[in-house]
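J.: following is a predicted model, sequence given first.
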Amino acid sequence: MIDAIVIGLIESAPIILAAVGFTLIYYLSGFINIAYAETLTVGAYVAVVFNTMLGWSFYASLFPVALLSGLFSVLTYLLVFRPAINRGVGPVEMIVLGVGLSFLLRHAVRVGFGVESYQIDLAGTSYLSVLGTGITSSQIVSLALVAMVAVGLYLLIYRTNQGGRIRALASNEPLALVSGIDPRKVAVLVWFLAGIVGGLAGAFTASFSFVDYEVGWDMILILIMIAIIGGIGSVRGAIIAGLAVGLVTAVVTLQTGSPIYAQVALLALFILTLRLKKTLPLKKILRLNLSGRSILKWGS
Amino acid sequence: MAYTIFAASSMVVYIALGTLLHLQFGRTGMVNFGVVGFVGIGMYGFGILVSRYELPVVVALVLATLITTLLAAILGWLILDLDGEAVLVATLAFATIVYYLTVTQKDLTGGVAGLGGIPYPIDVGLDSALALLVILIFVALLFLGYAHRLGRVPYGRLLASIKDNEPLARSLGKSTFREKLIFFSITSGMMGLVGALYASTNQFLVPRMLAAGLTFTVWIALTLGGRAKVLGAVVGVLISVALFDLVIEPFLPVPRWVGALMPDLQLMFYGLILVTVILFRPLGLLGGRQKAQRS
């Protein structure tokens, strides 16, 4: 059981990070950004380029990863999503738009980097035993870095003025506008932050296993689920739901011996959670959903 | 010739699925991102019934369609009163479950090794594939005809009212949830029927066929053509799938290295054209120029 918890924690670390980034965009811009998958992929491939091709150490390559995936995320916003919002594209079409962008970028990556998968070179990794579970030192470092980034982001959103602007704009846009908050600056900031954590999540995922062109795409469904279970737009909720998902996956995987059953259980659990949330009274949902942007807002 | 028949069959399958999606999304506003899940149940249901249990083809077709309808009804009962995004993610999750189960339940599906020995519905020797193509075209025309007729009958207006303003429709005494559930189950069941016929076209089933790519291709085609138009799926499939599979791939001479990249270039092109269409013509090529309404 303890090894399940340790493995679950480690495996869910990048997922939590990515879920927070995904949730930020959902929170502020109000739509599911499928192309966020490609932000993760960009992060993973930047890490590959700097680490295996240019010979940087993995941890040094995290800086270009953060910068470039942040820029990438802002670019997708400025070039595709903001024009779409301005043209009044509906929420479902925004998702289809994200799918289209994702197809374009993912297969561009495949044309550029080929079908083979890449491995991150983690020099100087040693194997340790924590509470009877074998893990690598790089996994512990990754876990610590993820925790640092997550805490930093959390403080930024809930404890600083910039964070206050983000939350103000997300929960009451007209009021935020008359208070003199510039929505464009805040949006660019949010997409940049989300890009940074997404890219880092992609790089950490890459360091745990391998990189191919579907590294981000494979995670996007679970990210959407975490964001919705966690209460759309709640960064705290995303962290808690991400942890829960990681633990459930690890426990079911160990019990049944197959990660696929864990996925099936998770997806079934997700549908039931949606059902349950719907039947809870409105006030409770709003309270669960600490941000105030309720899922009910999106009713037909 | 065999390739052309196969490619044309796939094309017709996409048109049929796109038209069903037009009924679900374009007409009723139900966001089904799990098209491939229903197709997969029909496909594997049919395949398992004919090859493992050796049922007659017609019985297996009917059973596969019924099973799909029933599962769609259960799923729909769980999710159809939730908001659009929840339906979207739940159907996507459902399709992913179906995909995973085809991999894990090796006793029934053969797992990644595949499930073979699926016969054609009508066995007329070498022309069996052609006969199946004719059946598929007939089915697709049936859906198109129904979609066309739906624009002229009260039932179609009921569905439109559910799409545009469900609380209003409910306040007028229509049991919108029940109507949505029935319509969703039947149209999803028909996706199962198309899937069962597509199993025959393919003759051999592997889980990879149930990857989410099929759902997205259908969505892309419908969005391109125009989701609210009867012929939207037809136009969309013709300028996306057909353009590549029937025109460019067989006839355009390309260097070998480009040929190897062709599937990726094709999907890149889909993505690009989809982004362009949503930005500049949100209602699709047939849909006129007005902005999409916020739903």
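T.: Received the coordinates, thanks.
J.: what about the residue of chain A most remote from its centre, distance to residue A:172?
T.: Computed with C-alpha atoms, centre = their mean, the residue of chain A farthest from its C-alpha average is residue A:178, at 31.2 Å. Residue A:178 sits 10 Å away from residue A:172, taking C-beta to C-beta, to the nearest Å as the criterion. Just so you know, the C-beta spots here come from the backbone N, C-alpha and C atoms, and that holds for glycine as well.
J.: ok, residue B:201 next?
T.: Residue B:201 sits 54 Å away from residue A:172, going by C-beta to C-beta.
J.: likewise for residue A:143?
T.: Using C-beta to C-beta, residue A:143 is found at 36 Å from residue A:172.
J.: between those two, who's got more neighbours?
T.: Neighbours per residue, other C-beta atoms under 10 Å in any protein chain shown: of residue A:143 and residue A:172, the larger number sits with residue A:143, 18 against 14.
J.: I'd like the next helix or strand past the helix or strand encompassing that one.
T.: Per DSSP states H and E: residue A:143 is located in helix A:137-159. The element immediately downstream of helix A:137-159 (helix or strand, assigned by DSSP H and E) is helix A:161-171.
J.: the helix or strand that that following helix is followed by packs against which elements?
T.: Downstream of helix A:161-171, the first helix or strand assigned by DSSP H and E is helix A:173-178. The contact analysis (3 or more C-beta pairs under 8 Å, 6 or more residues apart in numbering or on different chains; DSSP states H and E) places helix A:173-178 against helix A:161-171, helix A:183-208.
J.: need the winner for burial among these.
T.: Stretch with highest mean neighbour count among these: helix A:183-208 (a mean of 25; mean count of other C-beta atoms under 10 Å in any protein chain shown).
J.: now the angle between helix A:137-159 and it, please.
T.: Orientation of helix A:183-208 against helix A:137-159 (axes from the mean of the first three to the mean of the last three C-alpha atoms, to 10 degrees) gives an angle of 160 degrees.
J.: top helix in chain A by residue count?
T.: Secondary structure of chain A per DSSP state H: the longest helix is helix A:2-29.
J.: can you tell me if it touches chain B.
T.: No. Helix A:2-29 does not reach chain B (C-beta under 8 Å from any C-beta of the partner chain); its nearest approach is 9.6 Å.
J.: what is that helix packed up against?
T.: Helix A:2-29 sits against helix A:36-48, strand A:133-136, helix A:137-159, helix A:161-171, helix A:183-208, helix A:217-229, helix A:235-256, with contacts defined as 3+ C-beta pairs under 8 Å, 6+ apart.
J.: what about the last one, near chain B?
T.: No. Using C-beta under 8 Å from any C-beta as the criterion, no contacts between helix A:235-256 and chain B are found, and the smallest distance is 9.6 Å.
J.: what's the first helix or strand after that helix?
T.: Counting by DSSP H and E, the next helix or strand C-terminal to helix A:235-256 is helix A:259-279.
J.: buried sites along that following helix?
T.: A:260-267, A:269-271, A:274-275, A:277-278 (16 or more other C-beta atoms under 10 Å in any protein chain shown).
J.: filter the residues you listed down to the ones near chain B?
T.: By C-beta under 8 Å from any C-beta, the members of the buried residues of helix A:259-279 lying near chain B are A:260-261, A:263-264, A:267, A:270-271, A:274-275, A:278.
J.: what residue ranges in the chain score low on pLDDT?
T.: As the question left the chain open, I've gone with chain A. In the predicted model, chain A carries pLDDT under 70 at residues A:1, A:123-126, A:128-134, A:231-233, A:257, A:259, A:277-300.
J.: actually, chain B is the one I wanted.
T.: For chain B, the stretches with pLDDT under 70 are B:249-250, B:252-259, B:288-295.
J.: now the helices for it?
T.: Taking DSSP H as the test, the helices found in chain B are B:2-21, B:35-51, B:57-79, B:84-104, B:106-109, B:128-150, B:154-164, B:166-171, B:176-202, B:213-225, B:232-237, B:249-251, B:256-280.
J.: ok, and for the third one, which residues are buried?
T.: Buried residues in helix B:57-79, counted by 16+ other C-beta under 10 Å: B:57, B:60-65, B:67-69, B:71-73, B:75-76, B:78-79.
J.: so what's residue 40 up against?
T.: The chain I'm using is chain A. A:18, A:69, A:198-199, A:201-202, A:205, A:215-216, A:219 (C-beta atoms under 8 Å, 6 or more residues apart in numbering or on different chains).
J.: actually chain B
T.: Listed by C-beta under 8 Å, 6+ apart, the contact set of residue B:40 reads B:95, B:98-99, B:102, B:195, B:209-210.
J.: same deal with residue A:61?
T.: Contacts of residue A:61 (C-beta under 8 Å, 6+ apart): A:46-47, A:50-51, A:203.
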